[in-house]
Structures are given as C-alpha cells and as structure tokens.
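Participant: Return atomic coordinates for the entry below.
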Amino acid sequence: MRKVSIAVVDDDPADGDTTEAMVERYFREERADGRDGDPPAWDVARYADGMALLGDCDDSARRPYDILLLDIEMPGIDGLETARRLRARGIGAVILFTTKMAQYATVGYDVDAVGYLVKPLRYRGFALNMRKAVRIARSREGVTVPIASDDHMVFLDSNDIRYVEVLGHSLLYHAGNGIWKDWGTLKAAAELLTPHHFVASNRYCLVNLDWVDAMDGSVVTVDGERLSVSRSRKKPLLEALSRYYGTARTARGRHGPDLGAP
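Facilitator: Predicted structure coming up:
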C-alpha cells in the first residue's frame, strides 16, 4: 500500500499538536504490533483553517488527502462547511471531525463523516476511529492501468475510470480526463479491475460501482451516462451494488445510487 496521507485541520495549535501526536502514536503502535498485516507508511500535514486546506486541494499538483481530522469550530468557514465544499468538488477523503462541543456529535452525516471525537481527545477512542478510517482508505485503493496511446503511455487510476467498453478488438476506458483506447480483451480487463469494484453490466461493458448513479430496469446510469444491462447480468449487478454500498463508503464521498425498480 502507498503512504497514507493525513491532514490535521485545527485553528488551535495546542489541539493540533495533540491530534498529530496521536496520529504518530497510532501508526507507530500499529507497526509495532503488526495489526492488519503490513501497516502502511504515513505522513501528516497541518492546516490552521479550512480555507488553507481548500486552497491546497484546489492545486492540481497535490493529491487530495486520504484522511482528514477536521476541527468543527474554526474562524472563517467552519469544519462542516469545509467538508461540504470538499464533497462538492468530488473529494472523497475519509473525514473524522474533532470538536470541543458535544452537541456537534450528531452532525456530519450529509458529508459522510465516519466519526467524531470530542476534545480533549482520549487515545483509546481516537485509535478506534483511526483504525476504521484507515481501513476505509485502504479499501478505496485502486490499481494503475497502463494504456498504450499512439507513441506514448497513459497511466489511469482505476478509481477514476467510470466504465470500460469493447469496441471491435479494442477497449475504451472512460475516465475523468477523457476516453482512452487500448488493445486488449474485456476478460483481461476484468481480471485486473474486478478486485477494484468493477462489475459487468453486459458482455461488452464493465462498470465501476463507485460511479453508478442509478439502476432502473435494463439501464444503469454511470456518471450521467445510460448504459444497457443484459438480462443475465442484471441480478449479479444489483447484488454487487447492494453489497458495495452496504459495506463501503465511496471514493467520491457520496451516498449510494438509486436502484429503482427491480
């Protein structure tokens, strides 16, 4: 697994120091205890307010963080508004809120926060929530798909691929940065992508469950595009969607699709 990147966002330097120290302790102890197989490497960035975080996440040279430890009460825009703006941009980092006010403990559902921590932080509760956050982050890891395009190579992140379809003897990879053509078979693509939540909608198409907006009858809507679902693939696709959205948060930080009528 690649390094887990974490941002601690807190306008109180002392609280930020405490949170960062707990992050460091968590990963050191996980590595020493050998939990969850091979614990990943990590790094921590600090921000004093939500606008600074948003500014960095707007920088195309920066990869959005895997986990955000986000204080709710901050000057300017608070942690909740920061989270809403991140989600509106399609940034699906795992969010843990921190707060000094217990009444905020029930907020955060509309931005898919996975937990909240009331200050002063206690390590046991912190570690339990971090373990959950790291597991979600690990489950979202994709695979790099190399595409031979004319005289150069393009490397796609499987999380960014909406669907793959057959065109003659070629494959078309529909991704956020365009449509990429490559030679190959759908069977070979499925062997690579099935472990990363791709499922066949018909014999000519694989869809990324994380980009499914809706499924109604013999049509599945993937990032706004309507694709056909064959009769033999309908039930397995519905079951895969139900399992996926019942057990995992999505990479885009949204709720599951409208599955419509059976």
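Participant: and the longest helix seen in the chain, average pLDDT?
Facilitator: Determined from DSSP state H, the single longest helix within the chain is helix 13-33. Helix 13-33 comes out with an average pLDDT of 91.
Participant: buried stuff in it?
Facilitator: Neighbour counts over helix 13-33 (16 or more other Cβ atoms under 10 Å) mark 15-16, 18-20, 22-23, 26-27, 30 as buried. C-beta here means a position set from N, CA and C on the backbone, and glycine is covered the same way.
Participant: Isn't residue 82 up against residue 47?
Facilitator: No - taking contacts as Cβ atoms under 8 Å, residue 82 lies outside contact range of residue 47: 9.4 Å.
Participant: And these two? Which one has more around it.
Facilitator: Between residue 82 and residue 47, residue 82 has the larger neighbour count (other Cβ atoms under 10 Å), namely 27 against 23.
Participant: What strand or helix carries the more buried one?
Facilitator: Assessed by DSSP states H and E, residue 82 sits inside helix 79-88.
Participant: how far does that helix sit from the chain's center?
Facilitator: With Cα atoms, centre = their mean, to the nearest Å as the basis, helix 79-88 stands 15 Å off its chain's centre.
Participant: same thing with stretch 185-194?
Facilitator: Here stretch 185-194 shows a centroid-to-chain-centroid distance of 22 Å under the convention Cα atoms, centre = their mean.
Participant: one step back: overlap in contacts of residue 82 and residue 47?
Facilitator: Listed as contacting both residue 82 and residue 47 by Cβ atoms under 8 Å, 6 or more residues apart in numbering are 9, 53.
Participant: What strand or helix carries residue 91?
Facilitator: Counting by DSSP H and E, no helix or strand carries residue 91.
Participant: The residue nearest to it when sequence neighbours are not counted and residue 116, how far apart?
Facilitator: Once flanking residues are discounted, residue 91 sits nearest to residue 64: 4.6 Å by Cβ to Cβ, 6 or more residues apart in numbering. Remark: distance between residue 64 and residue 116 (Cβ to Cβ, to the nearest Å) = 21 Å.
Participant: One more: residue 153?
Facilitator: In terms of Cβ to Cβ, residue 153 sits 43 Å off from residue 116.
Participant: From what I see, residue 189 and residue 206 are in contact.
Facilitator: Yes - Residue 189 is within contact range of residue 206, at 6.2 Å (criterion: Cβ under 8 Å).
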